Every structure is written in C-alpha cells, then in structure tokens.
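K.L.:
next comes the sequence, and after it the predicted model I'd like to discuss.
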Amino acid sequence: MVESMVTRDLFIGGKWVEPLGRARFETRNPANGEVVGSFVAGTIEDASEAVHAAHRAFKAWKETPPPTRGAILLRAAEILRKRKEAVARIVTREMGKIIAEGRGDVQESIDFIEYMAGEGRRLAGETVPSELRSKFCLTLRQPKGVVVAITPWNFPTAIPNWKIAAALIAGNSVVFKPASNTALCAASVVDVYEEAGLPAGVLNFVTGAGSVLGNALVGHPGVRAVSFTGGVETGREVYVRGAQGLKMVHLELGGKNPEIVMDDADLPLALEGALFGAFGTSGQRCTATSRLILHTKIYDEFLGRLTERVQRLKVGDPLDEGIDMGPVASRDQERKVAEYAAIGQQEGAKLVTGGTKLTGSAYDRGFFFAPTVFETRHGTRISKEEIFGPILSVLRADGYEDAVRIANDVDYGLSSSIYTRDVGRAFHAVDDLEAGITYVNAPTIGAEVQLPFGGVKNTGNGGREAGSAAIEEFTEIKTVFIDVSNRLQKAQIDAR
Ligand code: UN1
C-alpha cells in the first residue's frame, strides 16, 4: 500500500508555522525508501522563538491546578488510544520497528501519559516536624520553568512522552526537539496534546539539525533544564554546554547490556529472552541485549539452539504481521552495524551467523541487516562498545563470579539480566550487577512506565526518568517553614 507523504511545520506558541525561507528535509521509510514526511530545517531563530513562546506560557501553566493539568493529559491519552493503530503505522513506516513493536511504542506513550495524569493529584512533598514549637516544616514541588526535551528515534513516541508528560504535569513549559529521522512520529505526539486542549505555548516543537537547534536550545539562557536521550558523545556535549548555564541536564545514554545464563537456568526461557532482547527493534534499544554471557556448562548446547533460532528469524517488511525483525533505521545505522561486523571479524571473533546486509528483491530498497551472532572473548571491541544494531556477542563464563565480572567490565550500566533457578543467586546478582535495571528470568528490555528508568556509569549522569523519578526530574523542591509562635525562634540556638 502506498501511503502519502505528509508535510509538517514547526509548532510555536500554539500555531503551526513555517517561518519564511527555511529549508526542508524529508524522512524516509527504512524498509523501502518511500518518503514519509517533509519538515522544516529549523534555525537558531526558530529555537529562540520557541523558548520565548514557552516563557510567555509558563506562568499561567504553573498557576493551573495540577489536577486540571492532569485532565488535559488524560484527554491526550484518550486521543492517542483512539489513534493507536494509525500512529503505530507511522512509527513503523518512519523508523522500521515491526508493527507489533510500533503498537507497543504507542501503548507505552498512552500508559505513561495516564500515569502522569494521576500524578496531578499527588505531586507530593513531605511534612516533617520542626525542632521548634509552633512551627511547621514541609516541602512543595514546583516546576523548573522552560525545559527542553531532546529525543531519539528508537522509541519515537514513547521517549518524547516520558519527557513531555512528566514535564507538563509538573507545570513546566516545553520545547521539544526530536531526532530528525522520526519527525513525523514526533509531530503526531504534538497533535495529541494540541487536540487535548493544552494552552498555546506550553508545548512547542522544532525540527532540524541537532548541531543547530540542540546547541541553541541547550545554550539558551531562558532554558532551565534539558532532558536528553541519545548517544554518549552528543550527551557529553549537551552536558558541558548545559553546565555553562548551570542547568539541570538529564542524560539517558548508551548500554552494553548483558544477559547471563547460568547452568541451572530454564534454557528455553532464556533462549526466548535472548532472541527478543537482542533482535527486538533490530537491536536498536539502549536496553538491547548485546552480550550473552553463557555458563561454560551450557555454552555449546545454548549456542547451538540460539544459532538455529536466529537463522529462522523472519526479516522483512515491518508492516507485515508475522515478521520478527525489520530493517535498521537509517543508512547511517546500516553503515555502523556493517562496520562492527567487520571489526568483529578483524579482531578474531567467530562469526556464527549473519554478518552481512541482506540482499534480494524484498531487501534491496531498504536497510536490512542479517541478525548476527559472534562468539568472542571479553575485551574485544564488539564485546564492549555499543553497536545499537542486530549484533549479539556471545561470551563464555566459568561460573557466577566470572559472569558478573564480565558483565560489569564495560563503560555502561543500563540494563542487565540473569537467568537462574537459584533464588539466592538471583538476589546476589541483583546486588552485584552494575546497572540501573536488573531483570531476573526476563530479557534486558521491557521497561514499565511506573518504574524509574536509567543507568549507572556512562549510561547517564545519575538521574532517572519515568516512574516515581519522573517528577524529580522536572521539579524544584521548595522548602517551607511556617512559624505560628509569634516570636523569633532560633533554630539550633533555642532548640533545647
Ligand atoms: C530504550 O531502549 O531506548 O526497556 C528505551 C524497554 C523500553 C524502553 C527502552 N520500553 O524495552
């Protein structure tokens, strides 16, 4: 089916605008090259306009009672639920994840917006005793101001919503700058909030090069906080630039997530987990299983079964139900994955299956790469660097201690997984694995919105998003003392 190309503009101050004389860029379906959408290549002026619009809208939005903000979010969730299938198709066409995962992306958005809507009736602070008489101490949550959301293409509706819905319920106004290659997904997110009745200027949307817009937004003196999900190198630049303005910069970066399979594991279950974790979304999740650490006693058997299953994965048009894996998201991704496949072979890893671009009439117009498995030693580049594609490195471990040592000896620490039937061992792993997220008897992917998401080491800078942490990300704490004693009471001095 040929679907038509859509033209979208910038959304600033509650209006869709195409500023005069701006160049445009296109997004393309990575499965077949069709043009999906056309967008404005925004400039520094556009970034600045968006920040100003967000500023103008901030005060009234901050003063809007949080339950009223929540009601708008609930409407947004409802609108998105009604158009789940249509938006899921946009996700799949623009980014290439299989349609079941496209639906999952949108569902994750709906779930999170609903969850944050409820937060409108909580946004809880704390109440603690005073050391003095007739004095009350409490904290309130206040919005930060104008916040910037810079989002990646791999979860092109879910990650924007993690940031936008949390920022909005807390009373911030937002400038949203999505990854360019999923700009139509991003515009579809903006539509939902606009139609839900979000006041003009509370959410603004700019598209274009990160090197232009991202820099302008992060460096803008009117911006108080930046929430960024993407690669480590860009994350570092965002952090440094934000630091110059003493801004809160929240970073969600890469991963090199291990699945450990112990000798007592339920092997068929661990196998399903590895396949989904490594090749779901063509391996393009920060939480993807990119290392499979096998206990030496089950190594040969497990690798044999894995290989057989990987070779049977159906790779094809991600809009077709029944396909296991679609293309990678872009030519750049394809190049990077091919480079790592070559690196693996140069550094002496044994290619078990895959390793090449897929060819043939079903594949030639898209960026299809074969699901790939390497056997390698810990320490090789493919065993330590984030690839963000369908390449799984299989590593051998002598036992639990060795497996944990290998798992932890990388620069990242987002997700991790262990398959074992030994409950004691499982809890030790929960303690021992250096990662923000540990799964027991489940793959490294599959975060749920009501729990914090984030990682340690180079995966971020200590923050978490989603779950209870989402509100912390986007609020300032106001500490309040109310003295009703009608006299000067001195803390630390009178308090005896
Ligand atoms: C990401 O990998 O970039 O854990 C986000 C998951 C997702 C979120 C992942 N729901 O699989």
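P.N.:
Thanks, I have the structure now. Numbering: from 1, shown residues only.
K.L.:
let me know the outermost residue of the protein.
P.N.:
Centroid-distance maximum for the chain: Arg487 at 52.0 Å, with Cα atoms, centre = their mean.
K.L.:
that one: what secondary structure?
P.N.:
Three states are possible here, and by DSSP: H, G, I helix; E, B strand; the rest coil the one that applies to Arg487 is coil.
K.L.:
and the pLDDT at it?
P.N.:
Confidence per residue is given as pLDDT, and for Arg487 that number is 97.
K.L.:
what pairs with the helix or strand harbouring Ile293, and is each one parallel or antiparallel?
P.N.:
When elements are defined using DSSP states H and E, Ile293 is found to belong to strand 289-295. According to DSSP bridges, the neighbouring strands of strand 289-295, each with its direction, are strand 257-261 (parallel), strand 391-397 (parallel).
K.L.:
please name the nearest non-neighbouring residue to the one residue in the stretch 201-350 of the chain that gets nearest to the ligand.
P.N.:
Of all residues in the stretch 201-350 of the chain, Arg285 sits closest to the ligand, at 3.3 Å by Cβ to the nearest ligand atom. (Each C-beta comes from the backbone N, C-alpha and C, glycine too.) The shortest distance from Arg285 to any residue other than its chain neighbours is 5.4 Å, reached at Ile445 (Cβ to Cβ, 6 or more residues apart in numbering).
K.L.:
now do the same for the one you found: helix, strand or coil?
P.N.:
Put simply, Ile445 is coil when judged by three-state DSSP.
K.L.:
for it, give me its contacts.
P.N.:
With contact taken as Cβ atoms under 8 Å, 6 or more residues apart in numbering, Ile445 is in contact with 276-277, 280-281, 285, 287-289, 415.
K.L.:
just these: which are in helices?
P.N.:
Counting by DSSP state H, these place 276-277 in helices.
K.L.:
using a markdown table, lay out the contacts of Ile445 together with neighbour count and pLDDT.
P.N.:
A markdown table is the format used below for the contacts of Ile445 (neighbours: other Cβ atoms under 10 Å; pLDDT from 0 to 100):
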| residue | neighbour count | pLDDT |
| --- | --- | --- |
| Phe276 | 18 | 98 |
| Gly277 | 27 | 98 |
| Gly280 | 25 | 98 |
| Thr281 | 28 | 98 |
| Arg285 | 25 | 97 |
| Thr287 | 26 | 98 |
| Ala288 | 31 | 98 |
| Thr289 | 29 | 98 |
| Ser415 | 30 | 98 |
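K.L.:
out of the contacts of Ile445, which is nearest to Ser383?
P.N.:
Out of those, the one with the shortest distance to Ser383 is Thr289. That distance is 12.9 Å, counting by Cβ to Cβ.
K.L.:
show me what contacts that closest one?
P.N.:
257-259, 273-274, 277-278, 392, 417, 443-445.
K.L.:
what's the closest of those to Ala179?
P.N.:
For the contacts of Thr289, the residue nearest Ala179 by Cβ to Cβ is Ile445; the value is 19.2 Å.
K.L.:
any idea how far Ala278 is from Gly354?
P.N.:
Using Cβ to Cβ, to the nearest Å, one gets 11 Å for the distance from Gly354 to Ala278.
K.L.:
can you give me the helices in the stretch 51-200 of the chain?
P.N.:
In the stretch 51-200 of the chain, the helices defined using DSSP state H, counting those that start in this stretch lie at 66-82, 84-95, 99-119, 158-169, 183-195.
K.L.:
where does the prediction get shaky in this protein?
P.N.:
Using pLDDT under 70 as the threshold, the predicted model of the chain has low-confidence ranges 1-2, 496.
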